[in-house]
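# sharing a model that was predicted from the sequence below.
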Amino acid sequence: MDEREPIIDAVRRSGMSDAQTWIQYFASGGSLSELEVAAYLEGETDIAPHERDLLAEVAREAPGLGPRRAVQQDDGAIPDFIRLLGAPGSAFLDAEAAERGRLESLEQLHLLDTPAEERFDAIVRRVAERFGCEIATLALIARHRQFIKSSVGEAHQDLDRTQVFCNATIRSSGALVVPDTLEDPRFRSHPFVAGAPHIRFYAGHPLRGPGGWLIGTICVMSLSPRPFTPADHQDLEDLAQEMQHEVYPGWKAWRLY
């Protein structure tokens with residue numbers, strides 16, 4: 001029997017959605033994106049054994065979870081003891097409350113709808129040069145839209161967040177890389193893949209705000225597919241850390257705390 005079958009069966013019997021399953025998995029130390037976990041649960045891809053073990057643990061505990069209830073106050077506010085946990089506290093919140101926490105983190109950075117700044121532009125240029133891509137951006141994901149703080153190439157401002165690749169990247173704790181969008185069932189029907197500008201390659205890394213919430217991305221896109229090596233992964237991680245320092249230099253101290 002396929003190793004994933006008992007995991008999928010336990011998750012489905014629990015009544016948890018893919019999003020709720022991912023929250024529990026992420027809170028347990030998982031590193032895959034929500035999209036990757038969903039693809040695994042749908043039988044579209046496989047995952048590393050240690051990630052599968054974490055997901056299996058979530059599945060084993062699922063029957064005892066009962067209906068998932070958000071921990072929040074009568075007025076819908078996030079309790080202080082949950083707020084202090086930052087992003088890890090999302091395991092105790094429903095999707096709406098978790099999104100409020102993320103948006104509050106973004107607002108604290110005071111970067112939305114501000115002009116371009118060389119400290120960000122310089123890193124975005126280096127990202128585009130390093131990967132030889134036509135498009136590179138520093139994108140912040142607001143409630144209903146994507147705000148481009150810095151860009152190389154043609155990047156449309158204020159697109160609906162449901163239309164942008166970076167909306168998927170902020171659901172991941174690590175890089176999201178799509179070497180060929182036409183070969184990936186998650187993205188082959190995306191409007192910017194099936195239609196103009198016909199994106200064929202995407203690599204993005206999430207960025208964090210106060211509390212560790214994922215508030216935006218640094219990413220590159222190309223009109224041609226391309227491989228992505230371990231060295232590419234490391235360089236993207238290094239450049240993302242440089243951008244992270246500019247976006248929210250307090251992240252390292254918060255994480256250590």
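On my side now, so go ahead. Numbering: from 1, shown residues only.
# pull out the buried positions in stretch 143-157.
Within stretch 143-157, the residues scored as buried using 16 or more other CB atoms under 10 Å are 145, 146, 147, 148, 149, 150, 151, 152, 153, 155. All C-beta spots, glycine's among them, are computed from the backbone N, C-alpha and C.
# hang on, the first one packs against residue 163?
No - using CB atoms under 8 Å, residue 145 makes no contact with residue 163, being 9.5 Å away.
# since we're on residue 218, how many residues are nearby?
By other CB atoms under 10 Å, 30 other residues sit near residue 218.
# checking it next. Helix, strand or coil?
strand (DSSP: H, G, I helix; E, B strand; the rest coil).
# distance of it relative to residue 199?
From residue 218 across to residue 199, the span is 16 Å (CB to CB, to the nearest Å).
# I'd assumed residue 136 was in a helix, is it?
No - secondary structure of residue 136 (three-state DSSP): strand, not part of a helix.
# quick check: closest non-adjacent residue to it.
Nearest residue to residue 136, sequence neighbours excluded (CB to CB, 6 or more residues apart in numbering): residue 128, at 3.7 Å.
# do you know the pLDDT at residue 252?
Note on residue 252: pLDDT of 61.
# wait, residue 18
Confidence score, pLDDT, at residue 18: 77.
# wait, it touches residue 33, no?
No - under the criterion of CB under 8 Å, residue 18 makes no contact with residue 33, lying 11.4 Å away.
# okay, buried residues for stretch 45-63 please.
Quick answer for stretch 45-63 (16+ other CB under 10 Å): 45, 47, 51, 52, 54, 55, 56, 57, 58, 59, 62.
# return the helix or strand in the chain with minimum mean pLDDT.
helix 251-256 (a mean of 50; mean pLDDT, DSSP states H and E).
# now do the contacts for the residue nearest the centre of the chain.
With distances taken as CA atoms, centre = their mean, the residue of the chain nearest its centroid is residue 170 (2.2 Å). By CB atoms under 8 Å, 6 or more residues apart in numbering, the residues touching residue 170 are 102, 141, 206, 214, 215, 216, 217.
# quick one: the helices in the stretch 1-150 of the chain?
If DSSP state H, counting those that start in this stretch is used as the criterion, the helices of the stretch 1-150 of the chain fall at 4-14, 18-27, 34-41, 49-61, 80-83, 95-109, 118-131.
# how about those in TSV, adding distance to residue 137?
Shown next, in TSV, are the helices of the stretch 1-150 of the chain (distance: least, CB to CB, whole Å):
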stretch	distance to residue 137
helix 4-14	35
helix 18-27	25
helix 34-41	19
helix 49-61	28
helix 80-83	30
helix 95-109	16
helix 118-131	7
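# show me which residues of the longest helix anywhere in the chain are buried.
As assigned by DSSP state H, the longest helix anywhere in the chain is helix 230-247. The neighbour-count check on helix 230-247 (16+ other CB under 10 Å) flags 232, 236, 239, 240, 243, 244, 246, 247 as buried.
# I'd assumed residue 169 was in contact with the second one.
No - using CB under 8 Å as the test, residue 236 is too far from residue 169 to be in contact (11.4 Å).
# overlap of the contact sets of these two?
175, 205.
# ok, now which ones touch the closest residue to residue 113 other than its chain neighbours?
Using CB to CB, 6+ apart and skipping residues adjacent in sequence, the residue nearest residue 113 is residue 147, 6.5 Å away. Under the criterion of CB under 8 Å, 6+ apart, the neighbours of residue 147 are 112, 113, 139, 140, 141, 157, 158.
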